[in-house]
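**Student:** Quick one, structure for this:
(2 chains, ligands or ions: 2)
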Amino acid sequence: MTLVRLALRLAWRNLGRNRRRSLITGAAIAFALFFAIIMRSLQLGVYNHMVATVVGSMSGYVQVSDTAYWPSQNLDYALYEDPEWLDELRADRDIASAYPRLQGFSLLSVGDQSGVAQWVGISPEEVDAPLWQARLASGSWTDAPGSVWLGKRLAEQLRVSVGDTLVAMGQGFQGSMAGAAWVVAGTLNMGNPELEKRSAVVGLADAQEFAGAYGMWSYVQITPRSTELSADPTADLGARHPLDGAHFLGWQTRMPELIQAIQADSSGGKVILFILYVVIGFGLLGTMIMLANERQREFAMQLAMGMRRGLLAGIVFVEVVLLSVAGALVGALLGRIAVLILDRFPLRLQGDVAAAMEQQGWEPILPPSLDWSITLTHGGIIVVIALLSAAWPLRTVFKTSPVHR
Amino acid sequence: MSAPSQPLLRVDHVVKTYESSAGPVHAVQGVSLDLQRGAFAALVGPSGCGKTTLLNAIGGLDRVTSGQIWIDGTEITALTDRETIEFRLHRIGFVFQAYNLVPVLNAWENVAFVMELQGIGVRDRRDRAFELLAAVGLTGKELQRPSQLSGGQQQRVAVARALASRPSLVLADEPTANLDSKSTETLLDIMRDLNHQEGTTFLFSTHDQRVINRAETIFRLEDGQLAR
Ligand SMILES: Nc1ncnc2c1ncn2[C@@H]1O[C@H](COP(=O)(O)OP(=O)(O)OP(=O)(O)O)[C@@H](O)[C@H]1O
Ligand SMILES: [Mg+2]
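**Tutor:** Numbering: from 1, shown residues only, chains lettered A, B, ... in the order given. Ligands and ions are numbered 1, 2, ... in the order given. Prediction:
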């Protein structure tokens, strides 16, 4: 106990002994972490933004569907409604929203214009969600039966506007003929050109009636509370809320190309950080070599007095731990503050890139990821690097002889 | 354990040969000597004659090539490394020519350093350290760091520390080499007083005639051998 206290006291005071060097070393660690956090947060934030655009609103982060539904997305593999199970899902604290949908394909025509559309029947609760409310480009939301809202580009293609009636025809449940006349109640910005070209949104009840799939859902679309890339809650949720004949599919499984594209891009960022860490690592090593050389006589004296090498090594180690953890805490704090500021006032892209993104229906901003795991991972990496650099003075401790001259 | 006739220190045919790139260096060539309890002895001789080498061997800092060393009935040349460290910690005090003190500890903490390694409680350490600092004339300097003390004051702190855990033997390798004559006098007075008061045995090396004059017992070393 006395020895531990002695070690802590010596380690602490040693830090103050070359205050400028300790500060610079701590600052280097803090800066590296700060930079890593901002860079990674922006990068992962863009991916989140991308995933949110591609799947978040439409096909969903997680889908619960009949085990045979994917990949054909055939209307025949629909689920029977289970309102109790749905309530249970919605009560889960890890789930932000869960909406049942019925979905299929049909031909839409007005006069001599026609086009293929993916119709989606959404529940009244989903219509009320801010997401759909914000999407309205023209018209309004109404619960009048037989209303349809078309993706902006689909409406342009069919040359229809609010109030026009169109005819939908296609295959219903189990090969039945499906047909209906729907009135255009509005047009929608879908935040994604593909979706704007093919989506036709109707009420869930209208969809069930159209397809003859009464009391059925194609899938339940779930948005988890945390949509960070690092956390995929699919398996967990599936285990917690089993449904006969159904399974939970994350977007990662449904859209392997998307996750592959993200991983490919992400490795570029990792290479940059790797280089940063190598540079910082060598810087730390240089500092440690200096420290070891400066102290060698002192090590020898203390060993001669009867100090154990292990204790001496412990002092050096604690010193490096204190320094790197303090540096990492400062870096983490500053990084977090910067990320929160960037979240509040996101970077806005300018020029051609921005125009291209807007054309694709993306808002040209770089929202950062707020995922704590970024801070933890990189904080951990930098502390480990610092501790590895401590190997040099530790080696000196074990090589120094107590012989004085 | 030790009979009255038994010397505190017995060095028996000690040989230390260094292997260097230019061939073996015979630093100590068969030295034998006895030192009585309570002695105040000097090891003298020209530079390079082997004083440091012999003191390091006696203090268990370095292994001998052959021969035996006994301190207070323990054959230290037969101890394992770990036992040697323990023995040094409890039985031997060291004063070196320089770099004696831990720079980040103040005077009393430096004096208490060895006691702290021994696990002695803070109150006892503090009392003993203050008492010793008073004995070496450093009352009022207890809280100063080494960098705030003169070279002579630092050496006095080192002497106080060497005595702190009441070792059987204090080894001092040219403790006055960096000091002016006044500080040298003061340090020798202090060592002599402590030698009397605490009954601690001192063995120090020097080539300073003033220091030699103060010693009770003198061992002359020439080319690694004792001269009569
Ligand atoms: N590690 C070593 N390797 C090789 N030779 C050494 C080593 N240490 C000391 N020597 C040699 O051993 C001899 C004795 O050295 P030592 O340091 O004991 O002398 P000294 O009497 O203490 O001298 P000084 O009065 O200058 O301190 C010298 O010739 C020295 O060069
Ligand atoms: Mg010497």
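**Student:** Contacts only, for residue 34.
**Tutor:** You didn't pick a chain, so chain A it is. For A:Phe34, the contact set (CB atoms under 8 Å, 6 or more residues apart in numbering or on different chains) comprises A:331, A:334-335, A:338. Where you see a C-beta, it was placed from the backbone N, CA and C, and this is true even at glycine.
**Student:** look at chain B instead
**Tutor:** B:7, B:9-11.
**Student:** model confidence over the host helix or strand of it, on average?
**Tutor:** Secondary structure from DSSP states H and E places B:Asp34 in strand B:23-35. For strand B:23-35, mean pLDDT rounds to 93.
**Student:** possible to save the contacts of B:Asp34 as JSON lines with neighbour count?
**Tutor:** Formatted as JSON lines, those follow (neighbours: other CB atoms under 10 Å in any protein chain shown):
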{"residue": "B:Pro7", "neighbour count": "17"}
{"residue": "B:Leu9", "neighbour count": "22"}
{"residue": "B:Arg10", "neighbour count": "17"}
{"residue": "B:Val11", "neighbour count": "24"}
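**Student:** Adding pLDDT, write these out as CSV.
**Tutor:** Output for these, formatted as CSV (pLDDT from 0 to 100):
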residue, pLDDT
B:Pro7, 90
B:Leu9, 95
B:Arg10, 95
B:Val11, 94
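**Student:** The residue in chain B positioned nearest to chain A: neighbour count?
**Tutor:** Per CB to the nearest CB, B:Leu89 is where chain B lies closest to chain A, at 2.8 Å. For B:Leu89, the count of nearby residues is 18 (other CB atoms under 10 Å in any protein chain shown).
**Student:** Not counting sequence-adjacent ones, nearest residue to it?
**Tutor:** In space, and not counting its chain neighbours, B:Leu89 is closest to A:Gly306: 2.8 Å by CB to CB, 6 or more residues apart in numbering or on different chains.
**Student:** what does chain B put close to ligand 1?
**Tutor:** Residues of chain B found near ligand 1 (CB under 6 Å from any ligand atom) are B:18, B:20, B:25, B:27, B:47-53, B:207.
**Student:** Distance-wise, check whichever residue of the stretch 251-400 of chain A sits closest to chain B relative to B:Gln68.
**Tutor:** Closest contact between the stretch 251-400 of chain A and chain B, by CB to the nearest CB, is at A:Gly306 (2.8 Å). A:Gly306 sits 22 Å away from B:Gln68, going by CB to CB, to the nearest Å.
**Student:** Same check on A:Ile315?
**Tutor:** Separation of A:Ile315 from B:Gln68 (CB to CB) stands at 35 Å.
**Student:** Which one's more surrounded, those two?
**Tutor:** Comparing A:Ile315 with B:Gln68 by other CB under 10 Å, the one with more neighbours is A:Ile315, at 23 against 15.
**Student:** For the more buried one, grab phi and psi.
**Tutor:** phi -60, psi -50 (degrees, to the nearest 10).
**Student:** do A:Thr142 as well
**Tutor:** Dihedral angles for A:Thr142 - degrees, to the nearest 10 - are phi -150, psi 150.
**Student:** Tell me how far the nearest residue to it once chain neighbours are set aside lies from B:Thr65.
**Tutor:** Leaving aside its chain neighbours, A:Thr142 sits nearest to A:Ala185 (5.4 Å; criterion: CB to CB, 6+ apart). As judged by CB to CB, A:Ala185 and B:Thr65 stand 103 Å apart.
**Student:** Look at those two and report which has more neighbours.
**Tutor:** Using other CB under 10 Å as the criterion, A:Ala185 and B:Thr65 rank with A:Ala185 on top: 23 against 16.
**Student:** does the residue nearest to A:Thr142 count as helix, strand or coil?
**Tutor:** Per DSSP: H, G, I helix; E, B strand; the rest coil, the local secondary structure of A:Ala185 is strand.
**Student:** what pLDDT, on average, does stretch A:252-267 get?
**Tutor:** So the average pLDDT for stretch A:252-267 ends up being 88.
**Student:** which other helices and strands contact the helix or strand hosting B:Leu54?
**Tutor:** Using DSSP H and E, B:Leu54 maps to helix B:51-58. Counting contacts by 3 or more CB pairs under 8 Å, 6 or more residues apart in numbering or on different chains; DSSP states H and E, helix B:51-58 packs against strand B:9-20, strand B:23-35, strand B:40-44, strand B:66-71, strand B:169-173, strand B:201-206.
**Student:** can I get the CA coordinates of that helix in CSV?
**Tutor:** What follows is helix B:51-58, C-alpha atoms only, in CSV (Å, rounded to 0.1, in the frame of the first residue of the first chain):
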residue,chain,number,x,y,z
LYS,B,51,37.9,2.0,-5.4
THR,B,52,34.4,2.2,-7.0
THR,B,53,34.6,-1.3,-8.2
LEU,B,54,35.4,-2.6,-4.8
LEU,B,55,32.7,-0.5,-3.1
ASN,B,56,30.1,-1.7,-5.7
ALA,B,57,31.0,-5.3,-4.9
ILE,B,58,30.8,-4.7,-1.1
